[in-house]
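Participant: Requesting a structural model of the entry that follows:
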Amino acid sequence: MHNASCLVSLVAAVAAAACIVGDQDEAGVDEAGVDEEVGTTEQALAASNGVNLNGVNLNGVNLNGVNLNGVNLNGVNLNGTAVTGVSVGANGLTLVKSSGTVSGAGAVGARLTGQLSNGGTLQLKIQAASLLPGNVWGYRVEATSNGTTWANICPVDTLAIAIAGRWDYRSNVAGAGGWISDATSLTFACRGFAIAKCVEWGYAPWKTVAGVLLRDHHQACVRLVRGDYCGNGATWTQDGTPINLYDALGVQTDTMVWTIDAEWTAAGANCLNKARTFAKADDACIKALKDKTSCGAFGTGVLLIDEYKSATTMSSGASSSATSFSANH
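Facilitator: Alright, predicted model coming up:
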């Protein structure tokens with residue numbers, strides 16, 4: 001458990017916003033690009049096909065270096081009444097009480113316990129709810145250390161989207177950066193960051209399209225947005241780079257004539273454009289992905305494909321070609 005002074009500093013960090021930091025990029029530098037604060041342009045892009053902005057940060061909830069690793073679904077109460085069941089889906093949070101079931105905005109007033117990455121806990125409360133574009137519920141979630149002073153867990157006034165389970169925030173470890181199925185936890189994903197972006201781009205993990213549950217599409221999107229080619233939580237990207245992503249289900253369609261970057265599965269990239277160049281050119285994983293004979297088709301297991309704006313397509317919009325792109329994703 002945290003002591004009181006530590007909890008106070010965590011809530012103060014949330015209130016200050018400047019103390020909320022991003023994930024580490026390959027160079028070990030904190031990335032908190034302007035695209036990570038949801039603005040008018042990003043909101044418009046979130047509901048449309050075509051060009052979107054990437055971002056290395058998995059989630060905006062980072063309390064002065066301590067991650068909110070999940071929210072415990074045990075011991076939840078709603079305005080003083082015990083909640084016996086919690087689920088997440090198209091109606092946002094659904095809470096089951098002895099007197100009945102509420103969902104969406106009905107979850108306002110719920111109190112929960114946040115599990116921190118250092119083993120501590122933090123009291124959370126849902127203070128407000130709004131229906132976002134795409135019929136996705138967004139919640140203002142606040143934290144307290146003393147039961148009276150509350151501060152938003154997301155940057156500035158950003159809302160969070162509730163998603164079942166939790167994420168692995170580690171880096172350079174096989175499987176890190178991925179979703180963890182956990183019936184006892186949920187994640188509050190801040191808008192403007194990778195997990196929430198992929199929900200708003202149409203890949204809500206509770207949604208079904210053409211008979212396909214989009215859980216794996218959402219995870220593939222999260223890895224794509226972060227440039228997590230190797231599926232180990234490490235990012236090979238620069239914040240705010242325009243990308244074009246699409247799938248075989250028609251959730252996002254290919255509206256640009258850009259250069260293929262990679263094919264994506266829930267575990268990471270399936271292949272990588274041979275012409276892509278990175279600072280760590282000798283990385284074994286990147287080399288192996290480039291060794292694939294072809295890249296850019298929806299073969300077995302491929303869920304998403306993304307493209308980047310190469311030197312060939314920057315001015316003319318001509319048919320894309322495998323042109324070297326010296327910057328990151």
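Participant: so residue 98 touches residue 84, yeah?
Facilitator: Yes. Between residue 98 and residue 84 there is a contact at 7.0 Å, judged by Cβ atoms under 8 Å. Placement of C-beta: from N, CA and C, glycine included.
Participant: May I ask you to confirm that residue 84 is in contact with residue 100?
Facilitator: No. If you go by Cβ under 8 Å, residue 84 and residue 100 don't touch, sitting 11.2 Å apart.
Participant: shaky segments in this protein?
Facilitator: 1-50, 281, 311-329 (pLDDT under 70).
Participant: switch to 50 and redo it
Facilitator: In the predicted model of the chain, residues 1-49, 314-329 satisfy pLDDT under 50.
Participant: Closest to the centroid, which residue in it?
Facilitator: residue 195 (1.4 Å; Cα atoms, centre = their mean).
Participant: tally of neighbours for residue 179?
Facilitator: 20 (other Cβ atoms under 10 Å).
Participant: Same check on residue 57?
Facilitator: Per other Cβ under 10 Å, the neighbour tally for residue 57 reads 29.
Participant: what does residue 158 give?
Facilitator: Neighbour count of residue 158, defined by other Cβ under 10 Å: 22.
Participant: What helix or strand is it located in?
Facilitator: According to DSSP states H and E, residue 158 maps onto no helix or strand at all.
Participant: State the three-state secondary structure for the residue nearest to the centre of the chain.
Facilitator: helix (DSSP: H, G, I helix; E, B strand; the rest coil).
Participant: which ones are touching it?
Facilitator: Residues in contact with residue 195, defined by Cβ atoms under 8 Å, 6 or more residues apart in numbering, are 58-59, 161, 163, 167, 187, 189, 222.
Participant: What sits closest to it if chain neighbours are left out?
Facilitator: Nearest residue to residue 195, sequence neighbours excluded (Cβ to Cβ, 6 or more residues apart in numbering): residue 189, at 3.8 Å.
Participant: For beta bridges, what are the partners of the closest residue to residue 206 other than its chain neighbours?
Facilitator: Of all residues not flanking residue 206 in the chain, residue 89 sits nearest, at 4.3 Å (Cβ to Cβ, 6+ apart). Counting by DSSP bridges, residue 89 is bridged to residue 92.
Participant: Tell me, how many residues neighbour residue 89?
Facilitator: Neighbour tally, residue 89, other Cβ under 10 Å: 16.
Participant: now residue 244
Facilitator: Neighbours of residue 244 (other Cβ under 10 Å): 24.
Participant: So it sits against residue 53, correct?
Facilitator: No. Checked against Cβ under 8 Å, the pair residue 244 and residue 53 is beyond contact range at 11.2 Å.
Participant: ok, residue 123 - contacts?
Facilitator: Residue 123 neighbours (Cβ under 8 Å, 6+ apart): 111, 113-114, 143-145, 147.
Participant: which of those lies closest to residue 297?
Facilitator: residue 114 (42.1 Å; Cβ to Cβ).
Participant: Wasn't that closest one part of a helix?
Facilitator: No. Counting by three-state DSSP, residue 114 falls outside a helix, being strand.
Participant: is it true that it touches residue 121?
Facilitator: Yes. Using Cβ under 8 Å, residue 114 is in contact with residue 121, at 6.3 Å.
Participant: and those two? which has more neighbours close in?
Facilitator: residue 114 (23 against 13).
Participant: one step back: got a markdown table for the contacts of residue 195, with distance to residue 138 and secondary structure too?
Facilitator: Putting the contacts of residue 195 into a markdown table (distance: Cβ to Cβ, whole Å; DSSP: H, G, I helix; E, B strand; the rest coil) gives the following:
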| residue | distance to residue 138 | secondary structure |
| --- | --- | --- |
| 58 | 18 | coil |
| 59 | 14 | coil |
| 161 | 6 | strand |
| 163 | 12 | strand |
| 167 | 18 | strand |
| 187 | 14 | strand |
| 189 | 10 | strand |
| 222 | 18 | helix |
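Participant: could you dump these to JSON lines with distance to residue 253?
Facilitator: Listed next are the contacts of residue 195 as JSON lines, based on distance: Cβ to Cβ, whole Å:
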{"residue": "58", "distance to residue 253": "26"}
{"residue": "59", "distance to residue 253": "27"}
{"residue": "161", "distance to residue 253": "23"}
{"residue": "163", "distance to residue 253": "24"}
{"residue": "167", "distance to residue 253": "28"}
{"residue": "187", "distance to residue 253": "28"}
{"residue": "189", "distance to residue 253": "24"}
{"residue": "222", "distance to residue 253": "20"}
